[in-house]
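Participant: Give me the fold of what follows.
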Amino acid sequence: MNEFAAGAAYVQGRFVPIGQATISVLDWGFTRSDCTYDVVHVFQGGFFRLDDHLDRFARSMEKRRLAPPEGREAMAETLHRCVALAGLRDAYVAMVALRGRPRIGGSRRPADCDNHFIAYAVPWVDVIPKDVQERGAHLWIASVPRVPDASFDPTVKNYMWGDLTSGLLEAHDHGFDTAILCDAQGFVTEGPGFNVFVVKDGRVLTPDRGSLGGITRRSVLELCAQEGIEAAIAPIPRALLEDADEVFAATTAGGVMPVSRVGTRILGNDRPGPLSRRLKDLYWRRHAEGWHNTPVRYELAVA
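Facilitator: Sure, this is the predicted structure:
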């Protein structure tokens, strides 16, 4: 039996079964959420846009002044080996850079911490379950505003989800699948773990603020360009979201995910819209064709 079947992790320089992956309770990554992370998926034995995820992770580490000892090539090999050890063909694969613990007891200086890198691969995860995607997600517009961009750069992927989790709890309280947050000025931002798109009069729009520069978002914009669909990153007032012809979400953990309800409004016939479904089908078809594919190095399982 493969001891890594439930997932494999790299922690403190060692590869361990996912259930044995731990960090110190004194690590600032835990006590202060002082870390950054990225997630790449594996589909049918290949990473999707691995270099783009590594690039974004490098930018996030630079912005947060995190510098683990592992370089880019070592990190990439670690991701490959985590997937290989677990023997996964479809996987959710995370890379995390943490501040670490202060070398000097009681220090409050980030420079006194030894930064470190962890990674793990677990079986595929969908932010919105597949059956919900099929009927279209029900999206609640949260009352809590998104943390301002000036307070924390939303393009740096992070675990500081206080506002997002509050929105998600509110959505569940009202019987909705997930939430979308607006900023204090009433412009649409993002949801818990996904970018959002609105379709109005055949034009596809995604928010220009309060949002991660999603790799799947980038993929959707590329597909729109290839298909001759007008698309843009632009300010989206709440009223436009509520009046959209179609809405869909996009994320590494799920791809293109149609929405069929926004608040009390039912979109179309309470099913995914035609453009949303077209982009979803195209996204996965291009995957199967090897689009932006990096084959997993399964031979590393025995390296």
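Participant: tell me the secondary structure for the closest residue to Y298 other than its chain neighbours?
Facilitator: The shortest distance from Y298 to any non-neighbouring residue, by C-beta to C-beta, 6 or more residues apart in numbering, is to A84 (4.6 Å). For every residue, glycine as well, the C-beta is placed using N, CA and C. Classification of A84 by DSSP: H, G, I helix; E, B strand; the rest coil places it in helix.
Participant: going forward, begin numbering at 413 instead of 1
Facilitator: Let's use 413 as the start, then, which means that last one is A496.
Participant: what sits against A496?
Facilitator: 708-713 (C-beta atoms under 8 Å, 6 or more residues apart in numbering).
Participant: at 6 Å what do you get?
Facilitator: Applying C-beta atoms under 6 Å, 6 or more residues apart in numbering to A496 gives the contacts 710, 712-713.
Participant: go on, C594?
Facilitator: Here C594 is in contact with 600, 650 (C-beta under 6 Å, 6+ apart).
Participant: hmm, 8 Å instead?
Facilitator: Counting by C-beta under 8 Å, 6+ apart, C594 has contacts 553-554, 557-558, 600-601, 650.
Participant: With P619 instead?
Facilitator: Here P619 is in contact with 599-602, 607-608, 645-648 (C-beta under 8 Å, 6+ apart).
Participant: what sits opposite it in the beta ladder?
Facilitator: Beta bridges link P619 to A646 when assigned by DSSP bridges.
Participant: ok, now how distant is it from P686?
Facilitator: Computed as C-beta to C-beta, to the nearest Å, the P619 to P686 distance reads 22 Å.
Participant: how about TSV for the contacts of A496, with secondary structure and pLDDT added?
Facilitator: Formatted as TSV, the contacts of A496 follow (DSSP: H, G, I helix; E, B strand; the rest coil; pLDDT from 0 to 100):
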residue	secondary structure	pLDDT
Y710	helix	97
L712	helix	95
A713	helix	94
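Participant: The residues you listed into a markdown table, with extra columns for distance to Y532 and neighbour count?
Facilitator: Formatted as a markdown table, those follow (distance: C-beta to C-beta, whole Å; neighbours: other C-beta atoms under 10 Å):
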| residue | distance to Y532 | neighbour count |
| --- | --- | --- |
| Y710 | 17 | 16 |
| L712 | 15 | 17 |
| A713 | 15 | 19 |
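Participant: Of these, which is the nearest to G518?
Facilitator: For the contacts of A496, the residue nearest G518 by C-beta to C-beta is L712; the value is 40.8 Å.
Participant: Surely that closest one is in contact with C494?
Facilitator: No. Between L712 and C494 there is no contact under C-beta atoms under 8 Å: 9.1 Å.
Participant: Leaving aside the residues adjacent along the chain, what's closest to G441?
Facilitator: Excluding the flanking residues, the one nearest G441 by C-beta to C-beta, 6+ apart is L510, at 3.1 Å.
Participant: And for W536?
Facilitator: Take W536 and drop its neighbours on the chain: the residue closest to it by C-beta to C-beta, 6+ apart is D502, 4.3 Å away.
Participant: Go ahead and confirm that neighbour touches Q456.
Facilitator: Yes. At 6.8 Å, D502 counts as touching Q456 under the criterion of C-beta under 8 Å.
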